[in-house]
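In: Give me a 3D structure for the following:
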Amino acid sequence: MRPAAATSATPRAAAGAPPAPSAPRPFTVGEVLAQVRACLDDSFRPVLVVGEVADLRRPRTGHVYLTLRDQAARLRVVLFADQAAAALRAPLADGDEVLVWGRVTAYPPTGDVQLVASRLEPVGAGALQARREALRKRLAAEGLFDPARKRPPPFLPRAVGVVTSPTGAALRDVLTTIDRRFPSMAVVIAPVRVNGAAAAPEVARQLAALDRSGRVEVILLVRGGGSQEDLAAFDAEPVVRAVAACRTPVITGVGHETDTTLVDLAADRRAPTPTGAAELAIPVERELVAELARRERRLRAAVVGRLAAARERCELASRAHGLAAPRVLVRAHGARLDRAAARLAAADPRASSAAGAASSTRPRRGSRGRGPRGEAGPRGRGRRGAPRGGHARRPPPGAVAPPRRARGAPRRGGPPPPRGRARPRGHGRRAAGEPVAPPGARAGLQPHDHRRRAGAP
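Out: Have a look, this model is predicted:
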């Protein structure tokens, strides 16, 4: 067989075959949704729908957005601003049951089937809202929401527990916040499901297990935002009782700031978002270090000031006359006592004998360590005239001690000292306790001088 013949037979076989079917043209997403919208607009007349209000929003544009729900399905509803004032016969709130007149259509930008409302009338509380309110009142009557049982979280916990979905954005927000505020903080994660019928029992079990473990000092129960159906697990009775039974402080951060669940009422602290819950539980490490440094400086300044003041007082006390020479004070007081005794003797001669007896019992200068009765002191020296280690002889009762000789007076039976002659150094020093002679006795100016007393018996 020649190659040329084979080559020429191929086109003829292809020309005799039937033509291949053409490929279908693909539709765009917008075209599909436009067809769906056209079908809905043509097929549905205005309808009357009854349901419970959820996710009510009123942005600045004036439109009203909400969701009608029952136990089986959800339907988005929009009420435009030009009809909102006339269509709303009464204020709306989440949980209210309403009657809505409108037409069913599709919204291509989001692909949602929605009801464009023309009129809304409230009927009363919805069934879901009524059950939630009944549960809230029953738990409140048991004291689970009592502010007195709420405990403050620790100032600086050793470890933080997080109960949330391991794949949700809430966990990433919490970990990012902790790393930013206190990088060295220990974190224990308890993974749970946060949606569906099995979410509530699982959250309750993980809360109880984390509380019993004792590994953390504060627990964060967090979840991202969503509809009321998405947050239904945090309104369930088992979760609320588990939060109330925790001995560890619990901080909740469920949904957005406008979402309030029953778990928020039972928790020790409620944060608007998961990030806010982490900020309530964890302080900023840099601020703590700065505060410690500031207090250390204040403490050092206070200690230095106290020490300087004490040192100054010690220096002033060391320069004081009394501490520098205590014997000077003793001698000054002794001199005052002698002058007082001399004045007493000059005023009343009979009192001189009593003054002399009192001065005889007072220890003399230089008699350290002597007891009140003449006992030997630490150095073993006794009173004058008493044997070493013995006792001084005491006068009999009623006896009057003889008066002491005044300074410059002659001894009993001896001549008086010559006048005008210088006395030897140290002569005539007054001993401790010896009364001072009246003024003028040394110079012999008194009429009853020593010459008259020399021959006295």
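In: List the buried residues in the helix or strand where residue 327 lies.
Out: For residue 327, the element it lies in under DSSP states H and E is helix 326-347. The neighbour-count check on helix 326-347 (16 or more other CB atoms under 10 Å) flags 334, 337-338, 341-342, 345-346 as buried. From N, CA and C alone the C-beta is placed, and that goes for glycine too.
In: which residues of the protein fall in helices?
Out: In the chain, the segments counted as helices under DSSP state H are 3-16, 29-43, 81-87, 127-141, 169-181, 199-213, 237-245, 262-266, 274-281, 285-318, 321-324, 326-347, 349-361, 450-454.
In: May I see the buried residues of the fifth one?
Out: Of the residues in helix 169-181, those scored as buried under the neighbour-count criterion (16+ other CB under 10 Å) are 170-171, 173-174, 177-178, 181.
In: Turn those into CSV, including distance to residue 77 and pLDDT.
Out: As requested, those are exported to CSV (distance: CB to CB, whole Å; pLDDT from 0 to 100):
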residue, distance to residue 77, pLDDT
170, 28, 92
171, 33, 94
173, 31, 93
174, 34, 95
177, 36, 95
178, 40, 94
181, 42, 94
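In: now, among the residues you listed, which is nearest to residue 204?
Out: Distance to residue 204, by CB to CB, is smallest for residue 170 among the buried residues of helix 169-181, at 18.2 Å.
In: What distance do you get for the closest one to residue 245?
Out: Distance, residue 170 to residue 245, by CB to CB, to the nearest Å: 23 Å.
In: same thing with residue 189?
Out: For residue 189, the distance to residue 245 - CB to CB - is 21 Å.
In: Settle it for me: which of those two has more neighbours?
Out: Neighbours per residue (other CB atoms under 10 Å) separate residue 189 from residue 245, with residue 189 holding more: 17 against 14.
In: and the residue lying closest to the more buried one once chain neighbours are set aside, how many residues sit next to it?
Out: The spatial neighbour of residue 189 that comes closest, neighbours along the chain excluded (CB to CB, 6 or more residues apart in numbering), is residue 162 at 5.1 Å. The local packing count at residue 162 equals 26, with neighbours defined by other CB under 10 Å.
In: Make 41 the first number, not 1, from now on.
Out: Got it, first residue is 41 now, which makes that one residue 202.
In: Could I get the pLDDT score of residue 202?
Out: The model reports residue 202 with a pLDDT of 96.
In: Point out where the chain drops to low pLDDT.
Out: For the chain, the stretches flagged by pLDDT under 70 are 41-61, 129-130, 164-167, 361-365, 389-497.
In: export the longest strand along the chain as PDB, just CAs?
Out: Among the segments of the chain that qualify as a strand by DSSP state E, the longest is strand 152-165. Output in PDB follows, covering the C-alpha atoms of strand 152-165 (Å, rounded to 0.1, in the frame of the first residue of the first chain):
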ATOM      1  CA  ASP A 152     -30.100  35.400  48.400                       C
ATOM      2  CA  VAL A 153     -33.800  34.900  48.000                       C
ATOM      3  CA  GLN A 154     -35.500  37.600  50.000                       C
ATOM      4  CA  LEU A 155     -38.900  39.200  50.700                       C
ATOM      5  CA  VAL A 156     -39.300  42.800  49.700                       C
ATOM      6  CA  ALA A 157     -41.800  44.000  52.400                       C
ATOM      7  CA  SER A 158     -44.400  46.600  51.900                       C
ATOM      8  CA  ARG A 159     -46.000  46.300  55.400                       C
ATOM      9  CA  LEU A 160     -45.200  44.800  58.800                       C
ATOM     10  CA  GLU A 161     -47.500  44.300  61.700                       C
ATOM     11  CA  PRO A 162     -46.300  42.800  65.100                       C
ATOM     12  CA  VAL A 163     -48.400  40.000  66.500                       C
ATOM     13  CA  GLY A 164     -46.600  39.400  69.800                       C
ATOM     14  CA  ALA A 165     -43.600  37.500  71.200                       C
END
